[in-house]
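Asks: Sequence isn't available, so here's the structure alone:
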């Protein structure tokens, strides 16, 4: 009799669990329903998508004109464009720390983890730097035009072109531009920072090496609540994910936030090798990303002389 009385309770609990799994609304999304309520999500996607498209079409000729002019208008306007894209997407950007600036004639190379196409507007709207991108992006319709207007530097990552591309990057640095590098070589799932490829740090060799500033980027709020492993694919774009479907899922959401942690810059000349520099930068980025993912309080990194001492040389 006791076992018989327990069985209905177990079955009822199981049905309740399945109902919750099937019917619970996702964070940041209104529950599906009929009428106007069921249209809110696609309307939000349409509003955000059309807003970004119209803003981009307006800004493209403006930036094209600025590219013909001397000075910083092309840099300032590109940053304004990307920060506006984040606002149109409903993505709040939190910045912890300060971006390094060229000092004593030394430019800056920002080095960040990479988990999504969203990293471009997020970092582009906060850093005065040109992106370094794989050359296949330069062949994508429409996206390649935006990248070129933003003065992106394309690299093939082939061994026979390494020296030529390194010299091209150094010419950009010598001209006063700062660069933004994703040395993982691909996007991750957002739950970890992949190992950095030391070959990307070839531009940091020599007596006139630029400063290297590690940057940690974590998408830490969805629906106003902390993100977890299950919700990171809303932001992370990796593997064989399709861009259009990923945008559709992302743009439905509300309460979106990303945190950028800017670490103290490192001087490459203080490291014994390119591999040592690569590991030290990776360690800073990975530790910062881990702290942000765990939603622990993060204070702005203290800088005394503007350059951090290496953990080892």
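Replies: Right, received. Where do you want to start? Note that the structure is a prediction, hence the values are computed from the model and not measured.
Asks: C-alpha from now on. contacts and neighbour counts both.
Replies: Fine.
Asks: Could you report the neighbour count for the residue nearest to residue 187 when sequence neighbours are not counted?
Replies: Spatial nearest neighbour of residue 187, excluding adjacent residues (C-alpha to C-alpha, 6 or more residues apart in numbering): residue 115 at 4.4 Å. By other C-alpha atoms under 10 Å, 27 other residues sit near residue 115.
Asks: mind listing what's buried in the helix or strand containing residue 164?
Replies: If you go by DSSP states H and E, residue 164 is part of helix 162-174. By 16 or more other C-alpha atoms under 10 Å, the buried positions in helix 162-174 come out as 162, 165, 166, 168, 169, 170, 173.
Asks: Against residue 177, how distant is the fourth one?
Replies: Yep, that's residue 168 we're talking about. Applying C-alpha to C-alpha, to the nearest Å, the value for residue 168 to residue 177 is 12 Å.
Asks: if we can go back for a sec, adding pLDDT, write the buried residues of helix 162-174 out as TSV.
Replies: Listed next are the buried residues of helix 162-174 as TSV, based on pLDDT from 0 to 100:
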residue	pLDDT
162	66
165	78
166	80
168	84
169	89
170	87
173	90
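Asks: and of those residues, the nearest to residue 81?
Replies: Nearest to residue 81 among the buried residues of helix 162-174 is residue 173, at 22.6 Å by C-alpha to C-alpha.
Asks: surely the closest one meets residue 105?
Replies: No - the criterion here is C-alpha atoms under 8 Å, and residue 173 misses it with residue 105 at 9.9 Å.
Asks: low pLDDT regions in the stretch 101-250 of the chain?
Replies: Scanning the stretch 101-250 of the chain for pLDDT under 70 picks out the ranges 103-104, 157-162.
Asks: where do the helices sit along it?
Replies: 119-124, 143-149, 162-174, 243-251 (DSSP state H, counting those that start in this stretch).
Asks: So for residue 63, which of those sits nearest?
Replies: Go through these one by one with C-alpha to C-alpha and the one that ends up closest to residue 63 is helix 143-149, at 6.5 Å.
Asks: Pull out the buried positions in the closest one.
Replies: Of all the residues in helix 143-149, those buried under the rule 16+ other C-alpha under 10 Å are 144, 145, 146, 147, 149.
Asks: go on, stretch 99-118?
Replies: With burial defined by 16+ other C-alpha under 10 Å, the residues of stretch 99-118 counted as buried are 99-101, 106-118.
Asks: all strands for this structure, in order.
Replies: Taking DSSP state E as the test, the strands found in the chain are 91-96, 108-112, 130-134, 153-155, 179-181, 211-222, 225-226, 256-262.
Asks: Could you report the pLDDT at residue 25?
Replies: If you check residue 25, the pLDDT there is 48.
Asks: Repeat that for the one 10 residues further on.
Replies: With respect to pLDDT, residue 35 scores 56.
Asks: same check, this time on the one 5 residues further on
Replies: Confidence at residue 40, expressed as pLDDT, is 85.
Asks: Residue 258 now?
Replies: For residue 258, pLDDT reads 98.
Asks: Tell me, how many residues neighbour it?
Replies: Counted by other C-alpha under 10 Å, the residues lying close to residue 258 total 20.
Asks: got it, and the one 3 residues further on?
Replies: Other residues lying near residue 261 total 26 when counted by other C-alpha under 10 Å.
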